[in-house]
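# only the shape, not the letters, is given here:
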């Protein structure tokens, strides 16, 4: 066997395990559950991309028995703003998925913002973020 054949055989298992990038629907929403962890902010707003969180969410939000408040996330306070080009790391706790839906059925990305599973939520839409 030549070198390119060996290279292909060695890389095939790695390539076969690489998950495909999330694809948005026709509205630009990333509605398919994804465990993709690295995203980049593409929102051109000079004020940055809003990341929201509510003090009414339990501290252990990831616990199976956590009681979440009303999921009208667009009404929650902005706790962070991420400028265009910021690389975000999605939190896939607890079920292995990076997104969740609000009361309207729209997807939000759980963004890690610190230790102890701290997160905030950004809209999971291609106008604001893209998988990296």
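Looks like it came in fine. Values in this document were obtained by computation on a predicted structure and should not be read as measured data.
# which SSE is immediately downstream of the helix or strand of the chain with the lowest mean pLDDT?
Ranked by mean pLDDT, DSSP states H and E, the helix or strand of the chain with the weakest confidence is helix 3-17, at a mean of 47. Counting by DSSP states H and E, the next helix or strand C-terminal to helix 3-17 is strand 38-41.
# residues contacting that next one, please?
Here strand 38-41 makes contact (Cβ atoms under 8 Å, 6 or more residues apart in numbering) with 48-49, 82-90, 109, 122, 128-132. In short, each C-beta sits where N, CA and C put it, glycine included.
# any idea how far residue 126 is from residue 23?
Separation of residue 126 from residue 23 (Cβ to Cβ, to the nearest Å): 9 Å.
# joint contacts of these two?
With Cβ under 8 Å, 6+ apart as the test, residue 126 and residue 23 both reach residue 30.
# those two: who's more crowded?
residue 126 (16 against 11; other Cβ atoms under 10 Å).
# check contacts around that one.
Applying Cβ under 8 Å, 6+ apart, the residues contacting residue 126 are 24, 28, 30, 42.
# who wins on neighbours among these?
Result: residue 30 is most packed of the contacts of residue 126 (other Cβ under 10 Å), 25 neighbours.
# can I assume residue 74 sits in a strand?
No: assigned with DSSP: H, G, I helix; E, B strand; the rest coil, residue 74 falls outside any strand and is helix.
# how about it: what's its closest non-neighbour residue?
residue 102 (7.0 Å; Cβ to Cβ, 6 or more residues apart in numbering).
# could I get the contacts of residue 126 as a markdown table with distance to residue 36 and pLDDT?
Listed next are the contacts of residue 126 as a markdown table, based on distance: Cβ to Cβ, whole Å; pLDDT from 0 to 100:
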| residue | distance to residue 36 | pLDDT |
| --- | --- | --- |
| 24 | 12 | 97 |
| 28 | 16 | 98 |
| 30 | 9 | 98 |
| 42 | 15 | 98 |
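# nearest to residue 76 among the residues you listed?
Closest to residue 76 out of these is residue 30 (19.3 Å), distances taken as Cβ to Cβ.
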